[in-house]
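Engineer: Any chance you can model this:
(one chain, ligands or ions: 2)
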Amino acid sequence: MRARNWLGWVAAMVEDCIFCRIVAGEIPAHVVDEDERTLTFMDIAPATRGHALVIPRQHAADLWEIEQDELLAVSAAAHRQALRVRDRLEADGVNLINSCRPAGWQTVFHFHVHVIPRYDGDPLKLPWVPAPGDMQEIAAVAQALR
Ligand code: AMP
Ligand code: ZN
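Structural biologist: Numbering: from 1, shown residues only. Ligands and ions are numbered 1, 2, ... in the order given. Sure, this is the predicted structure:
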């Protein structure tokens with residue numbers, strides 16, 4: 001067992017962190033990309049079609065807490081995902097967003113980068129107001145991204 005995963009599971013137990021629980025497989029998610037350090041899965045309240053979150057497997061609360069090599073791994077995964085939404089979903093653009101602390105709109109305190117595909121003329125205004133997504137549509141778009 002690698003130390004990183006062990007720490008993540010401890011964090012999930014101690015902090016009851018929902019994203020650590022996704023990493024641990026305790027909560028289902030539509031995973032579209034993963035590597036040794038990161039996981040990318042669909043946001044359940046998507047701002048646009050194909051909205052995904054990239055997280056480190058190792059728990060870090062936010063941008064002020066994450067270690068630099070973990071941030072680099074997340075950045076590389078977010079870049080992969082940005083290319084994927086261009087190629088698979090024919091996105092016309094993309095927003096990468098990180099929210100740090102409540103003052104910066106953060107609501108889930110496990111570091112994550114939003115990869116939000118943008119489409120010419122889409123109505124999205126930032127910050128968006130999350131609303132539950134259509135789970136069938138989210139599953140279908142996850143399939144298109146794998
Ligand atoms: P933030 O407000 O920047 O911290 O973003 C948190 C994001 O996590 C929101 O866009 C939520 O819709 C998303 N989210 C919360 N719980 C889950 C979950 N179980 N699976 C996928 N996305 C989630
Ligand atoms: Zn966590």
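Engineer: list the buried ones in the helix or strand where residue 70 lies?
Structural biologist: Here residue 70 sits within helix 68-89, counting by DSSP states H and E. Within helix 68-89, the residues that qualify as buried by neighbour count (16 or more other CB atoms under 10 Å) are 70-71, 73-74, 77-78, 80-82, 84-85, 88-89. All C-beta spots, glycine's among them, are computed from the backbone N, C-alpha and C.
Engineer: Return the distance of the residue nearest to the spatial centre of the chain relative to residue 116.
Structural biologist: When CA atoms, centre = their mean is applied to the chain, the residue found nearest the centroid is residue 53 (1.2 Å). Separation of residue 53 from residue 116 (CB to CB, to the nearest Å) stands at 10 Å.
Engineer: Ok, residue 72 next?
Structural biologist: From residue 72 to residue 116 the distance is 21 Å (CB to CB).
Engineer: can you map out the helices along the protein?
Structural biologist: 3-15, 18-23, 68-89, 135-145 (DSSP state H).
Engineer: Show me the one of these that comes nearest residue 106.
Structural biologist: helix 18-23 (12.0 Å; CB to CB).
Engineer: Show the average pLDDT along that closest one.
Structural biologist: Average pLDDT, helix 18-23: 98.
Engineer: which parts of it are buried?
Structural biologist: 19-23.
Engineer: Alpha carbons only: can I get that helix in PDB?
Structural biologist: Written as PDB, here are the backbone C-alpha positions of helix 18-23 (Å, rounded to 0.1, in the frame of the first residue of the first chain):
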ATOM      1  CA  ILE A  18     -16.500  13.300   0.000                       C
ATOM      2  CA  PHE A  19     -13.700  13.400  -2.600                       C
ATOM      3  CA  CYS A  20     -11.500  11.100  -0.500                       C
ATOM      4  CA  ARG A  21     -14.500   8.700  -0.400                       C
ATOM      5  CA  ILE A  22     -14.600   8.800  -4.200                       C
ATOM      6  CA  VAL A  23     -10.900   8.000  -4.400                       C
END
